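>>> got a sequence here, can you model it:
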Amino acid sequence: MPILTEPIGSIPRPAELIAAWSDKLAGRISSQQFDQIAEAALRDTIQRFEATGSPVITDGEQTKPSFATYPLAGFARLAPDGVVIPFADGHTRQLPRLTAGPFHYATYASQYFAAARRLTDAPLKQAVISASALSLLYPESGLPGYSRDAFLSDLVDEAVADIRRCLVHGADSVQIDFTEGRLSLKLDPSGGLLENFVALNNRVFDHFSPRERRRIGVHTCPGGDRDATHSADVDYAGLLPVLFRLQVGRFYIELASEKDPVRVLKIIRQHLHPDQIVFAGVIDPIDPVIETPEQVRDRILQAAEYLPAAQLGSTDDCGFSPFADDTSTSRDIAFAKIRARVEGTKLAAEKLGRA
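This next block holds a predicted model:
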């Protein structure tokens, strides 16, 4: 069996699409005009993804406003002054705040999957946001007539529906973005918030069979936006032992940009379960230098010194541009890095006798 390799999700949007997002919000173009530009970007993304030789592709999240807030597109009961997430370079992102219940998704990820499916026969994975990230929408002060428990119950139901719709539509796998996992240890160094996040996500996974969970994975990284991170200074040792208690079969773990990857691999080895696969990050999306296939090969071979080859895959550390206005990385660089990952994984598989 060859070594599995998959992307995380997002691909930098073309300049025309970035401008169209701004124009749409400002009312300068119609929804129909935006859809035409978005369709062209999606088609180009899939064609370029296929050209990399990647055995699994995504839609590049071209038509999501962001990886985190897509379920809220069209949901009215929100205010803009929610939780603020600071990045190391000083810029911030801000989540909206729920103003009233009940909560429901206005947009499901299966809509993006269906649009991509019409354009390719290649295996498609779909990224979805975690229930734990969306739990941050609920205000600390509470909401009259809508308790936090009621909100979390509604949220779990919606998160389950989001994943299940993708599986039913034929997604090769469904990846839950859990970048708030590492961030939670900065917000609450005691680990209590992380424990709550894991428990909430496991409430979602409890709705799926063991066979379905093998197609569900969790992605963790220290955030990646405008060439900056939000929690790279948080010790991975606080997250990883808890992370592997999530009841899923796949883990996509940022590793290429870690200062001491061997230390991280040793922690993973301690806590990895026999029925779980680790997709080790071998590409740094923030670094503008394009990795060579040989560098990728060597990173995989290093990981194979600590992890069983049958439980090892490769991936990118993070998505390349998870927000619709991010212009920090070019599409050409992103696809060149993906091609290097694909080629380097093949080289590693040959070395390990898994070609």
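
>>> what does the helix or strand harbouring residue 203 contact?
Element membership of residue 203 [criterion: DSSP states H and E] is helix 192-205. For helix 192-205, the surrounding residues in contact (Cβ atoms under 8 Å, 6 or more residues apart in numbering) are 130-132, 135, 152, 155-156, 159-160, 163, 176, 178, 180-181, 184-185, 187-188, 213, 216, 218, 238-239, 242-243, 245-248. Glycine gets a C-beta too; all of them are placed from N, C-alpha and C.

>>> can I have the buried ones of these as a ChimeraX selection?
Per 16 or more other Cβ atoms under 10 Å, the buried members of the contacts of helix 192-205 correspond to this ChimeraX selection:
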select :130,131,132,135,152,155,156,159,160,163,176,178,180,181,184,185,213,216,218,238,239,242,243,246,247,248
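
>>> so which of the contacts of helix 192-205 are in helices?
In this view, the contacts of helix 192-205 that belong to helices under DSSP state H are 131-132, 152, 155-156, 159-160, 163, 180-181, 184-185, 187, 213, 238-239, 242-243.

>>> now the helix holding residue 203: mean pLDDT?
Mean pLDDT, helix 192-205: 97.

>>> mind listing what's buried in that helix?
193-194, 197-198, 200-201, 203-205.

>>> please, where are all the strands along the stretch 51-200 of the chain?
78-79, 84-86, 92-94, 97-98, 125-129, 173-177 (DSSP state E, counting those that start in this stretch).

>>> quick one: stretch 318-329 to chain centroid distance?
12 Å (Cα atoms, centre = their mean, to the nearest Å).

>>> kindly apply the preceding question to stretch 88-102 instead.
18 Å.

>>> what of stretch 274-281?
Using Cα atoms, centre = their mean, the offset of stretch 274-281 from its chain centre is 15 Å.

>>> where does the chain dip in pLDDT?
1, 324 (pLDDT under 70).

>>> now do whichever strand in the chain runs longest: everything it contacts.
Using DSSP state E, we find that the single longest strand of the chain is strand 277-283. Under the criterion Cβ under 8 Å, 6+ apart, residues 4-6, 217, 221, 249-257, 265, 268, 272, 291, 295-296, 299-300, 303, 307, 311-318, 337-338, 340-341, 344-345 lie in contact with strand 277-283.

>>> any buried residues in it, and which?
Neighbour counts over strand 277-283 (16+ other Cβ under 10 Å) mark 277-283 as buried.

>>> export those as a markdown table, with columns for distance to residue 167.
Below are those laid out as a markdown table (distance: Cβ to Cβ, whole Å):
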| residue | distance to residue 167 |
| --- | --- |
| 277 | 17 |
| 278 | 21 |
| 279 | 19 |
| 280 | 25 |
| 281 | 25 |
| 282 | 27 |
| 283 | 27 |
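
>>> and of those residues, the nearest to residue 232?
For the buried residues of strand 277-283, the residue nearest residue 232 by Cβ to Cβ is residue 281; the value is 12.6 Å.

>>> how far away is residue 135 from residue 195?
Look at residue 135 and residue 195: by Cβ to Cβ, to the nearest Å, they are 13 Å apart.

>>> quick one: residue 9 and residue 62 touch, right?
No: look at residue 9 against residue 62 with Cβ atoms under 8 Å: they stay out of range, at 10.6 Å.

>>> which residues does stretch 141-149 contact?
98-102, 138, 151.

>>> repeat that for 10 Å
Residues outside stretch 141-149 that contact it (Cβ atoms under 10 Å, 6 or more residues apart in numbering) are 77, 97-103, 135, 138-140, 150-151, 153-155.

>>> which of those residues are buried? Put it as a ChimeraX command.
In ChimeraX, a selection of the buried entries from these looks like this (16+ other Cβ under 10 Å):
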select :77,97,98,101,103,135,138,139,151,154,155
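
>>> so what's the residue most central in space within the chain up against?
Against the mean C-alpha coordinate of the chain, by Cα atoms, centre = their mean, the closest residue is residue 177 at 3.7 Å. Counting by Cβ under 10 Å, 6+ apart, residue 177 touches 8-10, 67-68, 127-130, 133, 218-221, 252, 318-319, 322.

>>> just the buried ones from the residues you listed?
Buried among these (16+ other Cβ under 10 Å): 8-10, 67-68, 127-130, 133, 218-221, 252, 318-319, 322.

>>> what segments of the stretch 201-350 of the chain are helices?
Remark: helices assigned in the stretch 201-350 of the chain by DSSP state H, counting those that start in this stretch are 210-213, 236-243, 261-271, 293-304, 331-351.

>>> tell me the angle the longest one makes with helix 293-304.
Here helix 331-351 runs at an angle of 50 degrees relative to helix 293-304 (axes from the mean of the first three to the mean of the last three Cα atoms, to 10 degrees).

>>> which other helices and strands does helix 331-351 contact?
Here helix 331-351 touches strand 4-5, helix 31-51, strand 277-283, helix 293-304, strand 312-316, going by 3 or more Cβ pairs under 10 Å, 6 or more residues apart in numbering; DSSP states H and E.

>>> centre of the chain versus that helix, how much separation?
19 Å.

>>> run the angle between it and strand 312-316 for me.
Computed by the same axes, to 10 degrees, the angle separating helix 331-351 from strand 312-316 equals 170 degrees.
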